[in-house]
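Asks: Okay, predicted coordinates and the sequence, questions at the end:
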Amino acid sequence: MGEEVNIPGTPQQAPQQAVQEEQPPAPVEEPEAEEQPPAPVEEPEEEEEKQRLIAAGVMEIDKRLGGGLPPQSLTLVEGDPNAGKSVVIQQLSFGALKEGFKAAVFLSESSPRQFLDQMDSLGMSTTDYYLMGRLSLYQANLRSEREKAEKILQQLLRHIESCDSQDLFIVDPITPLLFQFDEHYVLSFLANCKELVNQGRTIIVTLHSYAMSESLRLRANSIVDAHLRLRIEELGEQLVRTLEVAKIRGAVKTARNSISFTVQPGLGLKSVPISKTKA
């Protein structure tokens with residue numbers, strides 16, 4: 001189960017003329033010009049992209065994403081512990097697989113079996129995709145010593161660059177890099193991912209909010225195409241999970257860019273109206 005990264009027409013006939021005395025000959029009809037078939041109308045490239053958006057499958061969230069994450073983009077998903085970061089990643093993975101993407105997920109804090117089991121528990125079974133080779137799961141131990149972690153990271157980037165059999169790559173999470181390296185290294189990793197996006201890849205990386213300084217957040221936000229933030233907030237006597245769309249390429253900005261949600265067994269992520277969270 002999974003792989004450990006030690007890191008594809010008939011011509012028209014002239015009408016017959018009947019010749020009769022004291023009658024003029026019948027007029028000869030001019031053959032109709034052959035009708036040319038209409039030139040094929042090329043669909044704009046945007047139409048193809050619209051059909052390939054990576055949606056979470058939750059109407060209120062996808063609305064704030066402009067329909068979904070765009071292909072050939074770099075997305076950063078950051079979140080507090082237990083804020084639903086993994087569930088959002090799994091929802092996006094499932095949406096991408098249903099849309100025809102072939103995905104590779106690199107897991108640094110869970111195993112492939114745990115990933116598949118959690119997807120099943122949320123009503124989003126991906127076992128068939130896994131067995132058909134549409135979903136590949138890799139275990140990437142970024143918590144090892146610095147030298148080994150750096151080697152794994154370079155192998156991961158080379159795999160994304162050379163892999164033509166997959167078009168979506170998810171790294172969940174890259175938080176250990178902040179304990180192994182400095183912020184500059186993390187920004188360099190994101191910049192390398194952005195270069196791969198320019199070569200046609202679609203990449204999603206996750207990061208824990210507690211490991212990010214405001215300076216790193218702002219600089220990372222300037223690199224990525226989409227930035228989603230997950231929080232746990234106190235609302236009255238309730239703890240509410242909130243997803244904020246901090247940035248999304250190509251989406252129309254709206255006054256409301258946040259949504260509250262719950263995680264329900266067998267259903268996955270479920271949006272909750274603000275009025276109910278305040279009740």
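Replies: Structure received. Everything quoted here is computed from the prediction, not taken from an experiment. Numbering: from 1, shown residues only.
Asks: what residue is smack in the middle of this protein?
Replies: What sits nearest the mean C-alpha location of the chain, by C-alpha atoms, centre = their mean, is residue 54, with 3.8 Å.
Asks: Residues in a beta bridge with that one, which ones?
Replies: With DSSP bridges as the criterion, residue 54 is bridged to residue 69.
Asks: One more: residue 139?
Replies: If you apply DSSP bridges, the partners that residue 139 bridges to are residue 4, residue 107.
Asks: Just to check, it is in contact with residue 112?
Replies: Yes: the criterion here is C-beta atoms under 8 Å, and residue 139 meets it with residue 112 at 6.5 Å. Just so you know, the C-beta spots here come from the backbone N, C-alpha and C atoms, and that holds for glycine as well.
Asks: Tell me, please, where in the protein the pLDDT is lower than the cut-off.
Replies: 1-51, 251-255, 274-279 (pLDDT under 70).
Asks: where along it do the strands fall?
Replies: 3-4, 74-79, 103-107, 135-139, 168-172, 202-208, 226-235, 238-248, 258-264, 268-272 (DSSP state E).
Asks: highest average neighbour count across those?
Replies: Greatest average neighbour count among the strands of the chain goes to strand 74-79 (a mean of 26), per mean count of other C-beta atoms under 10 Å.
Asks: Okay, now the sheet partners of that one, with direction.
Replies: strand 202-208 (parallel), strand 226-235 (parallel).
Asks: how far does stretch 122-136 sit from the chain's center?
Replies: 16 Å (C-alpha atoms, centre = their mean, to the nearest Å).
Asks: What distance separates the opening and closing residues of that stretch?
Replies: Criterion C-alpha to C-alpha, to the nearest Å; first-to-last residue distance in stretch 122-136 is 19 Å.
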